[in-house]
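Colleague: Sequence plus predicted model, see below.
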Amino acid sequence: MKQVFRRMPLLCLTGASGTGKSTVCAGLSYRTQDVVVMASDILWRPEFGTSETSLRDYRNMWLRISKNISQAGRPVMLYGSFSPGQFEECVEFRYFSKIHYLSLLCDYETLERRLRGRPSWRNSGSDEFIKTHQDWNRWFRDSQHEQDVTLMDTTDVPVEGNCGPGQRVAC
């Protein structure tokens, strides 16, 4: 029997920490079975951050996983911290029809409040961490015209809490 290879799109949700990626994806997982939603950090290991080659290996691994899942006929939505162009430079990119990027962002005061409000074990409340993610947030906002990425401002959207069944949090 001849197997047909499906070149599906890859959906990437990105943005700075605190913009609502996890909350949006948790809500999406409850609302649709049409997309397989996965957090990119579940396979992260510190050695991936040692060089550009190891980061590319990490991205290729995610593309390979997503390619194989999409052969079941459902596209993958991968969420995490990445920017347009990083996946496209990987050899595994050839198996996708396109990558669609959606970046969440919010105003700087809201981002700071969200990051400082996280549990201490998340280590997201330091001035340095907050500045890094405010800069990342600014990069997405300022480079919209240069990148093929759709922006969504979550400043006025509550992102605290869980978006599971019975929850009243907007996702």
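Modeller: Structure's in. What do you need?

Colleague: Contact partners for the residue nearest to Arg59 when sequence neighbours are not counted?
Modeller: The shortest distance from Arg59 to any non-neighbouring residue, by Cβ to Cβ, 6 or more residues apart in numbering, is to Cys90 (5.1 Å). Every residue, glycine included, has its C-beta placed from N, CA and C. Cys90 is in contact with Arg56, Arg59, Asn60, Leu63, counting by Cβ atoms under 8 Å, 6 or more residues apart in numbering.

Colleague: Start and end of stretch 35-53, how far apart?
Modeller: Terminal residues of stretch 35-53 are spaced 29 Å apart (Cα to Cα, to the nearest Å).

Colleague: I misspoke; the intended subject was stretch 91-102.
Modeller: End-to-end for stretch 91-102, by Cα to Cα: 22 Å.

Colleague: low pLDDT regions in the protein?
Modeller: Within the chain, the ranges that satisfy pLDDT under 70 run 144-147, 159-171.

Colleague: Where do the strands of it begin and end?
Modeller: Using DSSP state E, the strands of the chain run over 10-15, 36-39, 76-79, 99-105, 149-153.

Colleague: The ones you listed: which one's closest to Ser124?
Modeller: Nearest to Ser124 among the strands of the chain is strand 10-15; the distance by Cβ to Cβ comes to 14.0 Å.

Colleague: just the angle between the closest one and strand 99-105, please?
Modeller: Angle, strand 10-15 to strand 99-105, by axes from the mean of the first three to the mean of the last three Cα atoms, to 10 degrees: 20 degrees.

Colleague: and strand 10-15, C-alpha only, in PDB?
Modeller: C-alpha atoms of strand 10-15 as PDB (Å, rounded to 0.1, in the frame of the first residue of the first chain):
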ATOM      1  CA  LEU A  10       3.300  24.100  11.600                       C
ATOM      2  CA  LEU A  11       1.600  26.600  13.900                       C
ATOM      3  CA  CYS A  12       3.900  28.500  16.200                       C
ATOM      4  CA  LEU A  13       2.700  30.500  19.200                       C
ATOM      5  CA  THR A  14       5.500  32.600  20.600                       C
ATOM      6  CA  GLY A  15       6.200  35.700  22.700                       C
END
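
Colleague: Going forward, the N-terminal residue is numbered 54.
Modeller: Sure, I'll start counting at 54 from here, so that last one is strand 63-68.
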